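Visitor: Here is the input, now give the coordinates:
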Amino acid sequence: QAVMFCMMDASASMTEPLKDLAKRFFMLLHLFLSRHYREVDVVFIRHTSTAAEVDEETFFRGVETGGTVISTALDEMDRIVKERYSPEDWNIYAAQASDGDNIPDDMGRCLELVQERLLPASQYFAYIEVSERCGPGETIVWHGYKELADRYRHFAMRRVTNPGEIFPVFHELFSSSASK
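Guide: Numbers count the residues shown, from 1 in each chain. Okay, here's the model as predicted:
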């Protein structure tokens, strides 16, 4: 049995073009899962400064906005795993999309949650950073997660700056060789 957690930043810093990139990525992921797996649960989590599990319609069409506290989404995933998806019985996967903005004093909590709780329970965790700019420069989230990507083979991260990059990045993250 498998479950995919889809976590999307819906905060004010996520402009409409950035939300569009994230939504396109998650639509491709959802299509891939429904075509390739007979039985897979998909859990949708949207967050601003608070997070909530939502239905598919709200995930893709919701309009709430606000500040950014990424750990709320990670806490929500952790809570749902504990309540419904025991790692002994489920293969757990996660994809998180964000513009890389977060309140600085939340990054320690994010890293702790991913490293101590979510990675041990998961087969694979992918972070997708949506950005309107190409080139160098690290966001607070990218900088924090880079250390995890270097240490854990089942944690991957990629950046997407335009719709044409979505499929190649998706393929890199979720081809059979990437998740092994």
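Visitor: which stretches of this structure form strands?
Guide: 2-9, 40-47, 51-54, 91-98, 124-130, 155-160 (DSSP state E).
Visitor: who wins for proximity to Asp20 among those strands?
Guide: strand 124-130 (8.7 Å; Cβ to Cβ). Using the backbone N, CA and C atoms, a C-beta is placed for each residue, glycine as well.
Visitor: Outside of the closest one itself, list whatever touches it.
Guide: 14, 18, 21-22, 25, 93-100, 114, 118-119, 139, 141-142, 145, 149, 154-161, 169, 173-174, 179 (Cβ atoms under 8 Å, 6 or more residues apart in numbering).
Visitor: what's near enough to touch the most centrally placed residue in the chain?
Guide: In the chain, the centroid-proximal residue (Cα atoms, centre = their mean) is Gln96; its distance is 0.6 Å. Taking Cβ under 8 Å, 6+ apart, we find Gln96 in contact with Met7, Met8, Ala73, Phe125, Ala126, Tyr127, Ile128.
Visitor: Make JSON lines out of the residues you listed and add pLDDT, distance to His36 and neighbour count.
Guide: Below are the contacts of Gln96 laid out as JSON lines (pLDDT from 0 to 100; distance: Cβ to Cβ, whole Å; neighbours: other Cβ atoms under 10 Å):
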{"residue": "Met7", "pLDDT": "98", "distance to His36": "21", "neighbour count": "25"}
{"residue": "Met8", "pLDDT": "97", "distance to His36": "21", "neighbour count": "27"}
{"residue": "Ala73", "pLDDT": "98", "distance to His36": "25", "neighbour count": "28"}
{"residue": "Phe125", "pLDDT": "97", "distance to His36": "19", "neighbour count": "24"}
{"residue": "Ala126", "pLDDT": "97", "distance to His36": "16", "neighbour count": "23"}
{"residue": "Tyr127", "pLDDT": "97", "distance to His36": "22", "neighbour count": "25"}
{"residue": "Ile128", "pLDDT": "97", "distance to His36": "19", "neighbour count": "23"}
